[in-house]
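**Student:** Provided below for reference: sequence and predicted model.
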Amino acid sequence: MSTADRTVVRGGLVVTAADEMHADVLIEGGRIAALAAHDSDTAAGWTAGTVIDATGKYVIPGGVDGHTHMQMPFGGTTASDTFETGTRAAAWGGTTTVVDFAIQGVGASLRAGLDAWHAKADAQCAIDYGFHMIVADVNDKTLAEMDTLVEEGVTSFKMFMAYPGVFYSDDGQILRAMQRASGNGGLVMMHAENGIAIDVLVQQALAAGKTDPRYHGEVRHALLEAEATHRAVQLARVAGSPLYVVHVSAEQAVAELAAARDLGLPVFGETCPQYLFLSTDNLAEPDFEGAKYVCSTPLRPREHQAALWRGLRTDDLQVVSTDHCPFCFSGQKELGRGDFSKIPNGMPGVEHRMDLLHQAVVDGHITRRRWIDIACAAPARMFGLYPRKGTIAPGADADVVVYDPHAEQTLSASTHHMNVDYSAYEGRRLTGRVETVLSRGVPVIEQQAYVGRAGHGQYTPRGICQYL
Ligand code: URP
Ligand code: ZN
Ligand code: ZN
């Protein structure tokens, strides 16, 4: 390896989920080659074509966002970020890997769904990406295909207890898929809301003239999230499979996960920044502005946030993903004017996860190392990408972020890079900002300028969950 092909990141505080160390980082051939103390003879002896000065900054692993929906057809429209725009925005925010959801059409094969998602993402992404598979139609053929997908590196399968008539699976179908996963190493990811009961409440609310966005939060009752979470845990126990519950928002659902984990069950949970930082107050914003915050599970009263932070500290929740699924206010969210049930469900956020969670460090909710754990290392482990992704250690991909912990920024639709016409965090001031991002050693963001390219990002097959 010639000196010109090497990069050294000098002078920063390297923060991983396990350690904090004042170290220089040597990068060769797209991978971390070595770490050495700043003042060591070893580091002094490193010569490199590129030297990045990280003095006074953190040097952290690139974020791993385990839950995104780029250009997803949903709710009568399509999520507004393409793989190109969405992964570029992710990079701006210090995320260097996303795991997106390929979708099985009802009556179609898993393979057809996966092929379609490969076609959308191929040669478009600024950063590396993998796929989960949404299983919408459980049958003998689908179950057999799950085995093949696990072998190919699509090792997790999302199922829905919500959205009857769209992605919904009944308990028998879920049990069958879980049984299959228990045999093939797959991880079932559950959207845990009782969709049958919710649809009754939706019809009752609309019949009573309750059409505003805030009723989205009321009908998707916290107890119906907790009930579905409990049911999913019991089904997984019967099947002998692990379970990962996505986008947990209700305190009562966290309690179900904590109880399962106290029994030693392989049950895991994810929450998202919107549940940690936003609330039903946002859903109640006037003039239909609340539609910007319609997602499922829904935002909860702010009292739920303490339980989510506690769950992240106690490891009853392991991962923070974004569930990035943006729809523009104009023309997309507006589909639900006069009927909240027609507002496309989903919120933008892929760009802001690392920064919002750093703010949580500043605010004292979590430690610096826990920040890196829940945003980088744990999702990498959960989805079979560790230690290639999610850490800074010899042999890992050189997905490295230089992070300025003192920079101030204000989030706004006028400055963000996601392809969506509003910010869910408009005007929010944050301390901390991404300065430089490397993906496999290649600069994507340099001193707050985008220098990446569509097609740099590679499809990344995954191993099985590394917590089992
Ligand atoms: O509202 C949401 N979460 N939209 C994306 C689809 C899903 O359920 O994750
Ligand atoms: Zn979901
Ligand atoms: Zn989602």
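**Tutor:** Arrived safely. Ligands and ions are numbered 1, 2, ... in the order given.
**Student:** what's the longest helix along the chain in contact with?
**Tutor:** Selection of the longest helix in the chain by residue count, based on DSSP state H, yields helix 222-239. When contacts are taken as CB atoms under 8 Å, 6 or more residues apart in numbering, the neighbours of helix 222-239 outside the stretch itself are 161-162, 171, 174-175, 178-179, 181-182, 188, 190, 192-194, 197-198, 242-243, 245, 248-253, 255-257, 260, 265, 267, 297, 300, 304. Where you see a C-beta, it was placed from the backbone N, CA and C, and this is true even at glycine.
**Student:** cutoff 7 Å now
**Tutor:** For helix 222-239, contacts defined as CB atoms under 7 Å, 6 or more residues apart in numbering pick out 161, 171, 174-175, 178-179, 182, 188, 190, 192-194, 197-198, 242-243, 245, 249-250, 252-253, 256-257, 260, 265, 267, 297, 300.
**Student:** Number of residues surrounding the residue of the stretch 1-150 of the chain found nearest ligand 1?
**Tutor:** Sorted by distance to ligand 1 under CB to the nearest ligand atom, the residues of the stretch 1-150 of the chain start with His69, at 5.3 Å. Applying other CB atoms under 10 Å, we find 23 residues neighbouring His69.
**Student:** show me the contacts for the closest residue to it other than its chain neighbours.
**Tutor:** Leaving out its chain neighbours, the residue that sits closest to His69 by CB to CB, 6 or more residues apart in numbering is Cys325, at 4.0 Å. Cys325 is in contact with 69, 72, 74, 79, 346-347, counting by CB under 7 Å, 6+ apart.
**Student:** Pop out the phi and psi values for Cys325.
**Tutor:** Here the main-chain torsion angles of Cys325 (degrees, to the nearest 10) amount to phi -150, psi 80.
**Student:** thinking again about what came up before, next, see if the longest helix of the chain gets close to ligand 1.
**Tutor:** No: judged by CB under 6 Å from any ligand atom, helix 222-239 makes no contact with ligand 1; its nearest approach is 12.1 Å.
**Student:** and that helix, average pLDDT?
**Tutor:** Per-residue pLDDT over helix 222-239 has a mean of 98.
**Student:** where does Asp39 land on pLDDT?
**Tutor:** Here, the pLDDT recorded for Asp39 equals 89.
**Student:** Three-state assignment for it, please.
**Tutor:** Three-state assignment for Asp39 (DSSP: H, G, I helix; E, B strand; the rest coil): coil.
**Student:** how close does Gly349 sit to ligand 1?
**Tutor:** Separation of Gly349 from ligand 1 (CB to the nearest ligand atom, to the nearest Å): 11 Å.
**Student:** picking that back up, going through the contacts of helix 222-239, which ones are buried?
**Tutor:** Applying a neighbour-count criterion of 16 or more other CB atoms under 10 Å, the buried members of these are 161, 174-175, 178-179, 182, 188, 190, 192-194, 197-198, 242-243, 245, 249-250, 252-253, 256-257, 260, 267, 297, 300.
**Student:** residues from the stretch 201-350 of the chain in reach of ligand 1?
**Tutor:** Applying the criterion CB under 6 Å from any ligand atom, the portion of the stretch 201-350 of the chain that neighbours ligand 1 consists of 247, 295-296, 323, 325, 345-346.
**Student:** So which of those residues is the closest to Ala119?
**Tutor:** Cys325 (19.7 Å; CB to CB).
**Student:** distance of the closest one from Arg220?
**Tutor:** Using CB to CB, to the nearest Å, one obtains 16 Å as the distance from Cys325 to Arg220.
**Student:** same deal with Pro387?
**Tutor:** Distance from Pro387 to Arg220, by CB to CB: 38 Å.
**Student:** Contact residues of the stretch 1-150 of the chain facing ligand 1?
**Tutor:** Within the stretch 1-150 of the chain, the positions adjacent to ligand 1 are His69 by CB under 6 Å from any ligand atom.
**Student:** For the stretch 1-150 of the chain, give me the ranges with low pLDDT.
**Tutor:** Counting by pLDDT under 70, the stretch 1-150 of the chain has no low-confidence residues at all.
**Student:** where along it do the strands fall?
**Tutor:** Taking DSSP state E, counting those that start in this stretch, the strands of the stretch 1-150 of the chain run over residues 6-10, 13-15, 20-28, 31-37, 50-53, 58-61, 63-68, 73-74, 77-78, 95-103, 128-134.
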